[in-house]
Structures are given as structure tokens and as C-alpha cells.
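> with the input below, show me the fold.
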Amino acid sequence: MDFSVKALLGYRVKQDTPFVFNVQAGSFHGQAIISEDLRVDPAMPLEHWTMPESGNRYVRLIAPPGGFKVSYEATVCLAHPTEDPADVREVTPSELPLSVLTHLYPSRYCQADRLERFAHRMFGGLPPGHERVAAICNWIRDNVDYISGSSDALTSAADTMVQRAGVCRDFAHLGIALSRALGIPARYVSAYAWRLEPPDFHGVFEAFLRGPSGLGWYVFDPTRMAAPEGIVRIGVGRDAAEVAFCTQFGEMEFDKPEVSITGPDDATASTTRAVRVQDA
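A predicted model of the protein is given here:
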């Protein structure tokens, strides 16, 4: 399916200020960029870099005093396979590729070690695999209230567990931490999300599992607000600290981001299939 994504970001600074942006859709097997356009107004020199291990695409600029806008538009084709969740199992530690082990460890916002006892008590008796990760997502959706403004840049998974409120970023962090506590590698995903209302940058997560076609990453959205097969990935990391859509090095003022994604009008969202990302 083809999806059109757009983002418009506006900033104002009082002195020369470096910015790093991560708003471009990723390019990998199963997610192909048909066309894209990144513009800065007023025009200024841009430095592009793609992180080898993740494929995250970064743009750096030095903004002079005044205001500027960054706009991004792209058409992206998603062709991720879907599978029966019952056929997707967990991977034993002895079989995990060494490249995914970092996604088992606690990280700044996903303190899996602090939630291990709860995770095993609540989910340890469930059949291991996609259905267990889905059960984690269901628990989060049923027990954590989605409230805009209820968290900030310092809120961690452990905080969300206590406060029982958050936004997509917090839901994803809690899902990652609980998955890692059960020995399931999990990573944070920043994305454009089809059928998300209101449109915005969205945070979901992926868990590393074994499906009928082998090992791979599977998409999960604990908010249940977006269609998993319409997640246009921007970046991946151990948690949200590694995939901020904007990082600035100095004082600034900013406008609320304008984000949108449109897909095929006749497409229907699947709620019973496991969506496998093919970059593993």
C-alpha cells in the first residue's frame, strides 16, 4: 500500500543554533520511498547522514537568528507481510542474534530490571510469543489512561507504571520495558501512523520474535490508536531518547508540528494479523 506523509515544523532562535532533525521516512526492505522532498525555508546548508546500524536518517543545519521552517513530504510504499499471531513465537537467548542483545538491556526510559517481578507475575504464565506481547499491550491499554500533557521528557516506564497515565511515547516505553523483562528484545519506533487521530508523530514499538519465515521484528501499538500495517517508520532506538524528531543545541521557540498521513481509501485495517517488519 502507498502512503503519503507530510510534516511541517517551525522554529525561532535568537542566535546561531545547531539543529538535528530525524523526520525522513526510513528506507529498507518492505518500506520503499517512491518520492520525497525535504525543504528548509529560508534555504540554508544541510548535512545528511544515515546511521549504519539503524538506518535512521539525520539532517543537521545551523539556523541563523530569526525564524525558519522545515517541511517534508514523501510517498512511501509499505509491503510488510502479515502472519497468524499463533505462529509467531519467542526466541531463546541462545538463538538470539548478537546484534539484538542491546534491545534486551534496560535503557534510560525503559527500566526492565525494575519491572521484572511484575512482568513475570502478570505475563509469565502466558504462551510465549506474539500473543504474550499483545497481552502486554492490552494490559497497558486497559490500565494506563491516555492523557495529553500527563508526562514530560523525564517520564520513564517505571513512572508510567506508577502514574497510570501517559501518551504514546509512555505507552511504548512501558511495552518495551515489560517485554525486555520477559527476555523479549524490544525497541522504540518513531513513525507516521495511518488513521491516528489527531495526526501527529507517533511512538510504537517492535519486538523481536520468530515467525513462519524466520526471525524478525513485529510491530505493536499499545495505544491501539493506529493501524499496525500503516506504520511508516522514521527511526528506531532503544528508547525515545535516540529518535527525537528534533534536537536543538540552544534556546528556541517552536510551533506545534503539523503532521499528516493518508493511505488507500478502500483499505481496511487488520486487527487479527501480526505485522512483520522485514529489515532483520
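
> what about the helices in the stretch 151-280 of the chain?
Using DSSP state H, counting those that start in this stretch, the helices found in the stretch 151-280 of the chain span residues 157-163, 168-181.

> beta-bridge partners for the closest residue to residue 273 other than its chain neighbours, please?
Among residues not flanking residue 273 along the chain, residue 82 sits closest, at 3.7 Å (C-beta to C-beta, 6 or more residues apart in numbering). The C-beta positions use only the backbone N, C-alpha and C, and glycine is treated the same way. Judged by DSSP bridges, the bridge partners of residue 82 are residue 275.

> I figured residue 21 hits residue 56, correct?
No - using C-beta atoms under 8 Å, residue 21 is not in contact with residue 56; the gap is 11.1 Å.

> contacts for stretch 38-53, please.
The contact list for stretch 38-53 (C-beta atoms under 8 Å, 6 or more residues apart in numbering) reads 23-24, 56-64, 68-72, 99.

> just the terminal-to-terminal distance for that stretch.
23 Å (C-alpha to C-alpha, to the nearest Å).

> what about it, average pLDDT?
In this model, stretch 38-53 has a mean pLDDT of 96.

> could you pull out the buried residues of it?
Going by neighbour count (16 or more other C-beta atoms under 10 Å), the buried part of stretch 38-53 is 38, 40.

> same question, stretch 111-120
Result for stretch 111-120 [16+ other C-beta under 10 Å]: buried residues 111, 112, 115, 116, 119.

> check stretch 157-165 too.
By neighbour count, with 16+ other C-beta under 10 Å as the criterion, the buried positions of stretch 157-165 are 157, 158, 159, 160, 161, 165.

> which ones are touching the first one?
This means residue 157. Residue 157 makes contacts with 109, 110, 111, 115, 170, 173, 174, 176, 177, 178, as judged by C-beta under 8 Å, 6+ apart.

> if we go to 7 Å?
When contacts are counted by C-beta atoms under 7 Å, 6 or more residues apart in numbering, residue 157 is found next to 109, 110, 111, 115, 173, 174, 177.

> for the fifth one, same thing?
Residue 161 makes contact with 115, 174, according to C-beta under 7 Å, 6+ apart.

> from residue 37, how far out is it?
41 Å (C-beta to C-beta, to the nearest Å).

> just want the most central residue of the chain.
The chain has residue 189 as the residue nearest its centroid, 1.7 Å off, counting by C-alpha atoms, centre = their mean.

> right, and that one touches residue 202 too?
No - using C-beta atoms under 7 Å, residue 189 is not in contact with residue 202; the gap is 8.6 Å.

> now the phi/psi pair for residue 90, please.
When quoted as degrees, to the nearest 10, the phi and psi of residue 90 stand at phi -80, psi 160.

> correct me, but it touches residue 184?
Yes - in this structure, residue 90 is within contact of residue 184 by C-beta under 7 Å, at 5.9 Å.

> more crowded one of these two?
residue 184 (25 against 22; other C-beta atoms under 10 Å).

> run through the residues that contact the closest residue in space to the more buried one that isn't next to it in sequence.
Among residues not flanking residue 184 along the chain, residue 207 sits closest, at 5.3 Å (C-beta to C-beta, 6+ apart). Shown in contact with residue 207 (C-beta under 7 Å, 6+ apart): 133, 179, 184, 185, 186, 218, 220.

> residue 4 too?
Contacts of residue 4 (C-beta under 7 Å, 6+ apart): 75, 261, 262.

> buried sites along stretch 65-81?
Neighbour count says stretch 65-81 has 68, 70, 71, 72, 74, 75, 76, 78, 80 buried, by 16+ other C-beta under 10 Å.

> in which helix or strand would I find the fifth one?
Which is residue 74. strand 66-78 (DSSP states H and E).

> list the helices and strands that strand packs on?
strand 2-13, strand 31-41 (3 or more C-beta pairs under 7 Å, 6 or more residues apart in numbering; DSSP states H and E).
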